[in-house]
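A.B. asks: Need the 3D shape of this:
(one chain, ligands or ions: 1)
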Amino acid sequence: MSILVINSGSSSLKIKIFSDIDTPAIVHGNLEKIGEEHSALHCQFAQNKIDKQITCADHREGLEQFFTVLKDNNALVDITAIGHRVVHGGEDFSQPVKIDDNVIATIEKNIPLAPLHNPANLKGIEATMYMFPDVPQVAVFDTAFHQSVPEHAYRYAVPESFYKEQKIRSYGFHGSSHQYVSKEAARILQKPTEQTNLITLHLGNGASVAAIKNGKSIDTSMGMTPLEGLIMGTRCGDIDPGVLLFLLQKYSHDELDKILNKKSGLLGLCGSNDMRDIEAQNTEQSRLTIKMVVHRIQKYIGSFYAQLPELDAVVFTAGIGENSKLIRKLCCENLAHLGIELCDEKNNNVTCGEIQSSQSKVKILVIPTNEEMEIARQTYTLINV
Ligand code: ADP
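C.D. replies: Predicted structure coming up:
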């Protein structure tokens with residue numbers, strides 16, 4: 001068997017092929033700059049790597065060229081199912097689903113909640129449905145894992161009709177990542193997932209925190225859109241909504257959208273959206289930026305800790321969480337009164353596993369995320385029931 005996983009972005013496509021749901025992908029592919037004059041296609045196979053420039057007007061052409069490369073390398077044999085990452089499932093999906101016309105129509109209905117992401121995801125789905133009409137296809141939603149968050153936590157205090165008529169509420173994102181690392185954490189802790197309480201910190205270019213009680217998400221930092229919560233690579237995260245009203249006097253809606261989504265966060269504060277650069281800068285401004293990032297993370301650790309009956313572990317994942325020893329150290333600093341104490345030596349040397357000190361009540365884990373493997377697992381499980 002082989003499971004093909006497709007993550008279709010607005011101008012990019014990422015694919016992975018799994019021959020087994022518990023072992024790393026056998027093929028990793030990436031196509032960037034779809035629709036531009038030159039698109040870059042990279043494909044890593046077990047024995048060889050292909051990097052080439054291609055021209056493709058849209059996602060269907062991009063996927064066709066991708067599949068030609070895969071076929072030429074005998075990687076498209078025996079595709080049992082295709083799993084698609086879909087960013088926004090709204091309130092309609094709390095589980096992965098087999099894709100049919102109704103599912104496509106519901107993803108379309110949710111486009112207003114994710115105007116950049118859902119149309120791109122649909123393009124990937126339409127292209128593969130056309131090319132593999134007989135292979136079952138499954139949609140796995142970024143929002144689905146957080147559908148267990150209780151109503152008092154996901155609602156905003158705006159007029160009731162805004163929720164009833166426009167579905168304005170928090171949804172949360174990075175669900176496949178939070179779910180994947182919480183299962184891995186349970187495995188490391190040797191506890192059943194449904195008895196595990198965690199705070200999972202997905203710290204990448206996009207970043208979010210989730211409170212996991214008995215294996216289920218009960219709160220998360222991202223909201224109706226992926227703009228809320230932590231300070232991110234280019235997104236501002238939490239901000240007084242009054243600031244937006246103030247800025248709207250000067251900037252148009254589109255300008256403000258760009259400022260808050262693309263020009264804020266680390267980039268807005270320090271001129272780079274890469275934490276490695278900011279750590280290397282070592283200036284007053286970069287030190288302030290790091291303090292702001294860590295302060296926001298600690299605020300969420302405290303607030304999520306208060307919602308858990310007991311905390312088994314804090315989990316660090318994604319680019320910064322997996323690689324930045326400094327950010328991990330600072331995030332755990334001064335939390336001994338909460339039973340969270342880091343071991344410097346383990347923090348400096350461990351790439352996957354426990355990094356807490358011997359007296360720490362709460363475990364601290366580094367776990368590399370694998371959203372695609374989680375999508376492959378959920379796809380496989382669904383088509384085999
Ligand atoms: P995304 O999938 O959201 O694009 P990633 O999870 O790949 O992001 O994380 C990317 C970010 O991880 C980079 O922008 C960089 O800031 C950070 N990062 C990667 N390696 C390191 C490192 N060694 N030290 C600090 N930050 C790192």
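
A.B. asks: quick one: whatever residue of the stretch 151-300 of the chain ends up closest to the ligand from residue 230, how far?
C.D. replies: Residue nearest to the ligand within the stretch 151-300 of the chain (Cβ to the nearest ligand atom): residue 204, separated by 2.5 Å. (C-beta placed from N, C-alpha, C; glycine too.) When Cβ to Cβ, to the nearest Å is applied, the distance between residue 204 and residue 230 equals 10 Å.

A.B. asks: Find the residues that touch each one of those two.
C.D. replies: Taking Cβ atoms under 8 Å, 6 or more residues apart in numbering as the contact criterion, no residue touches both residue 204 and residue 230.

A.B. asks: Could you report the pLDDT at residue 385?
C.D. replies: Reading off the per-residue confidence, residue 385 sits at a pLDDT of 63.

A.B. asks: how about the residues of the protein that lie near the ligand?
C.D. replies: Residues of the chain lying close to the ligand (Cβ under 6 Å from any ligand atom) are 204-206, 233, 273-276, 279, 318-320, 323-324.

A.B. asks: can you count the residues close to residue 99?
C.D. replies: By the measure other Cβ atoms under 10 Å, the count of residues near residue 99 is 20.

A.B. asks: Distance of the closest residue to it other than its chain neighbours relative to the ligand?
C.D. replies: In space, residue 99 comes closest to residue 137 once its chain neighbours are excluded; the distance is 4.4 Å by Cβ to Cβ, 6 or more residues apart in numbering. Going from residue 137 to the ligand by Cβ to the nearest ligand atom, to the nearest Å gives 23 Å.

A.B. asks: For whatever residue of the stretch 201-350 of the chain ends up closest to the ligand, give me phi and psi.
C.D. replies: Nearest to the ligand, among the residues of the stretch 201-350 of the chain, is residue 319, at 2.0 Å (Cβ to the nearest ligand atom). Listed backbone geometry of residue 319 is phi -40, psi -50, with angles given as degrees, to the nearest 10.

A.B. asks: List the residues that contact the residue nearest to residue 99.
C.D. replies: By Cβ under 8 Å, 6+ apart, the contact list for residue 137 reads 81-84, 98-99, 125, 128-129.

A.B. asks: Tell me how far it lies from residue 308.
C.D. replies: In this structure, residue 137 lies at 37 Å from residue 308, with Cβ to Cβ as the measure.

A.B. asks: element containing the residue of the chain most remote from its centre?
C.D. replies: Among the C-alpha atoms of the chain, the one farthest from their average position, using Cα atoms, centre = their mean, is that of residue 249, at 33.1 Å. Mapping residue 249 onto the secondary structure by DSSP states H and E places it in no helix or strand at all.

A.B. asks: so what's it scoring on pLDDT?
C.D. replies: At residue 249 the predicted local confidence, pLDDT, stands at 97.

A.B. asks: what do you get for residue 34?
C.D. replies: According to the predicted model, the pLDDT of residue 34 comes to 86.

A.B. asks: Hmm, it is touching residue 8, no?
C.D. replies: No: Residue 34 lies out of contact with residue 8 (Cβ atoms under 8 Å); the separation is 9.2 Å.

A.B. asks: what touches both of those two?
C.D. replies: Shared between the contact lists of residue 34 and residue 8 (criterion: Cβ under 8 Å, 6+ apart) are residues residue 59.

A.B. asks: Neighbour count for these two, which is higher?
C.D. replies: Neighbours per residue, other Cβ under 10 Å: of residue 34 and residue 8, the larger number sits with residue 8, 29 against 23.

A.B. asks: Please name the nearest non-neighbouring residue to that one.
C.D. replies: Ranked by Cβ to Cβ, 6+ apart and with sequence neighbours excluded, the top spatial neighbour of residue 8 is residue 124, at 2.9 Å.

A.B. asks: Next up, the contacts around the one you found.
C.D. replies: Applying Cβ under 8 Å, 6+ apart to residue 124 gives the contacts 6-8, 13, 59, 63, 84.

A.B. asks: of residue 204 and residue 230, who's got more company?
C.D. replies: Between residue 204 and residue 230, counted using other Cβ under 10 Å, the more crowded position is residue 230 (23 against 18).

A.B. asks: That one is in what secondary structure piece?
C.D. replies: Element membership of residue 230, judged by DSSP H and E, is empty: it is in no helix or strand.

A.B. asks: my guess is it meets residue 237, correct?
C.D. replies: Yes: Residue 230 is within contact range of residue 237, at 5.0 Å (criterion: Cβ under 8 Å).

A.B. asks: Pull up the overlap in contacts between the two.
C.D. replies: Counting by Cβ under 8 Å, 6+ apart, the shared contacts of residue 230 and residue 237 are 207, 221, 296.

A.B. asks: number of nearby residues for the last one?
C.D. replies: Spelled out, that is residue 296. If we define neighbours as other Cβ under 10 Å, then residue 296 has 19 of them.

A.B. asks: Same question for the second one.
C.D. replies: Residues within reach of residue 221, counting by other Cβ under 10 Å, total 27.

A.B. asks: How about it: what's its closest non-neighbour residue?
C.D. replies: Closest residue to residue 221 in three dimensions, ignoring its sequence neighbours and counting by Cβ to Cβ, 6+ apart: residue 229, at 3.0 Å.

A.B. asks: Tell me who's in contact with the one you found.
C.D. replies: Under the criterion of Cβ under 8 Å, 6+ apart, the neighbours of residue 229 are 207-209, 220-223, 237-238, 296, 300.
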